[in-house]
Structures are given as structure tokens and as C-alpha cells.
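# Dropping a prediction and its sequence here:
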Amino acid sequence: MNASTVTRISHTGFETTPTGRRLSVAGATYVAAWIAGLLTGPTTPAAAGTDSAIHEYYLQQGPAIVLQSSLIHGLAGAALLVLAWTIPAAATLASTRLRRSVIILGSAAALVSCVQVAFAVAGVSGAPHDEAGTSAALLDAIDVADTAKLVLLAGFAATATVAAAREGMVPRWVRALTTVLVVLLPLGGLAFLVDSAALTGMLYASLPLLLAWATATAYFVGRRAH
């Protein structure tokens with residue numbers, strides 16, 4: 001096999017469209033933002049903790065809180081918005097209703113994520129002069145938003161996978177992963193509202209599965225995008 005043949009095969013194997021490249025970059029950004037945020041951010045106090053402990057958290061960890069929120073909510077939210085618009089553009093054989101559902105659910109989840117950044121910034125900037133109850137209320141608002149976002153993400157993952165599967169873009173194991181994810185995300189989201197070890201376990205399990213889904217979907221759909 002000569003050098004020109006190797007070059008041609010390699011080019012064909014990795015060739016994709018502009019939509020596919022945007023999708024791949026968005027998927028990689030989403031995963032990287034989450035990982036970086038988890039590694040650099042402070043430990044969040046329990047929602048059931050005292051108002052004074054939550055207030056102290058905002059006072060002492062302000063810069064780290066804003067940085068983490070900017071990564072896992074801000075940057076990840078922006079990447080999610082790109083995914084919400086590029087997956088339907090790649091999966092052109094899906095119905096108009098299905099592609100619209102992907103866009104709406106993904107965009108709504110991205111919007112909630114951006115709202116969480118606003119809550120985090122408000123908590124940090126207001127901590128020096130706000131009462132402890134205000135800090136606790138803002139942390140609670142972030143948790144409630146997380147619950148809503150995970151429900152929206154479950155719907156987004158389901159519709160996006162169905163749209164991609166109708167064109168044969170994703171393998172069977174990605175569809176199986178999506179099924180598990182759609183169950184775990186809403187149940188895990190309830191852990192922000194209900195003190196339950198079982199729900200918390202589901203929440204912890206859902207995050208790596210979500211990142212695995214984003215990675216796989218961006219890779220397979222990105223390579224086969226129209």
C-alpha cells in the first residue's frame with residue numbers, strides 16, 4: 001500500500017462536514033467544561049445545611065464558585081446550545097417535529113444553565129451585605145434549576161438519539177445508554193429536592209453517563225453529519 005493510498009483512506013475516514021465539525025467541537029467542549037469545573041470547584045454545602053454555613057461558603061469561596069459555575073453552567077451551557085442546534089441540522093431525515101423537539105429541549109436546558117450562572121454570581125456578589133437567608137435561597141434556586149435542567153436534558157438526550165438513530169448515525173449501545181440516562185437524570189435531579197441516599201447515588205451515576213453520551217453522540221453524529 002503506497003503513501004497516496006494511505007492518505008486517501010485516512011482523509012475519507014476522518015472527513016466530515018462543517019456541521020459535523022461544529023458538533024464534535026461542541027461535544028468536546030461540553031465534556032471538558034464539566035471535567036474542569038468538577039476538578040477546580042469547591043465542595044458545595046448540603047442544601048439542608050444551616051443558612052450561616054451556606055453564607056460562609058459564598059463569602060470564603062467566591063472566586064472559585066464563579067469559576068466553577070462559569071465552566072459547568074456557562075461554558076457547558078453554551079456548548080449544549082450548539083449541540084441542540086447542530087444535531088437536528090445533521091440528522092436531516094428526522095421529522096420536522098422531532099428536530100424541533102431536540103432544539104427546544106436542548107435550548108431550554110442551556111437557558112436554565114445560564115440562569116444558574118446568574119444565581120451563582122448574585123450569591124457571591126451579594127454575600128458581603130446580604131443576610132444568610134438570602135444566600136441560602138440563592139443556593140436553593142440553583143438546586144431547583146438543576147432539577148429542571150436534568151429533566152430537560154433527559155428529554156433532549158432521548159429526542160436527539162431518536163433523531164440520530166433514524167439515520168443510522170449511532171450504534172445500538174448508544175441507544176441503550178440513552179435509555180438508562182433518561183431514567184437516571186430525572187430521578188437523580190430529585191436528589192436536589194429530597195434528602196435520599198438512593199436518589200443521590202442516581203445523581204452521581206448519571207453525570208458520567210451524560211458525559212459518555214455527549215462524547216459518543218458528538219463523535220458518531222459528527223462523523224456522519226450531512
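Structure's in. What do you need?
# State the phi and psi torsions of the closest residue to L139 other than its chain neighbours.
If the residues on either side of it in the chain are set aside, L139 comes closest to I54, at 5.3 Å by Cβ to Cβ, 6 or more residues apart in numbering. Backbone N, C-alpha and C define where each C-beta goes, glycine included. Dihedral pair for I54: phi -70, psi -40, per degrees, to the nearest 10.
# So which elements touch the longest helix anywhere in the chain?
In the chain, assigned by DSSP state H, the helix with the most residues is helix 132-165. Secondary-structure packing of helix 132-165 (3 or more Cβ pairs under 8 Å, 6 or more residues apart in numbering; DSSP states H and E): helix 51-60, helix 76-90, helix 96-126, helix 172-189, helix 197-224.
# mind listing what I87 touches?
Neighbouring residues of I87 by Cβ atoms under 8 Å, 6 or more residues apart in numbering: 23, 102, 106, 160, 163-164, 217, 221.
# Where does pLDDT dip in this protein?
1-15, 47, 226 (pLDDT under 70).
# burial count for E56?
16 (other Cβ atoms under 10 Å).
# From T86, how far out is it?
42 Å (Cβ to Cβ, to the nearest Å).
# try I72
Taking Cβ to Cβ, one finds I72 at 21 Å from T86.
# what about the two, which has more around it?
T86 (27 against 24).
# ok, now which ones touch the residue nearest to that one when sequence neighbours are not counted?
Distance criterion Cβ to Cβ, 6+ apart; nearest residue to T86, sequence neighbours excluded, is L23 at 4.3 Å. L23 makes contact with 82-83, 86-87, 90, 218, 221-222, 225, according to Cβ under 8 Å, 6+ apart.
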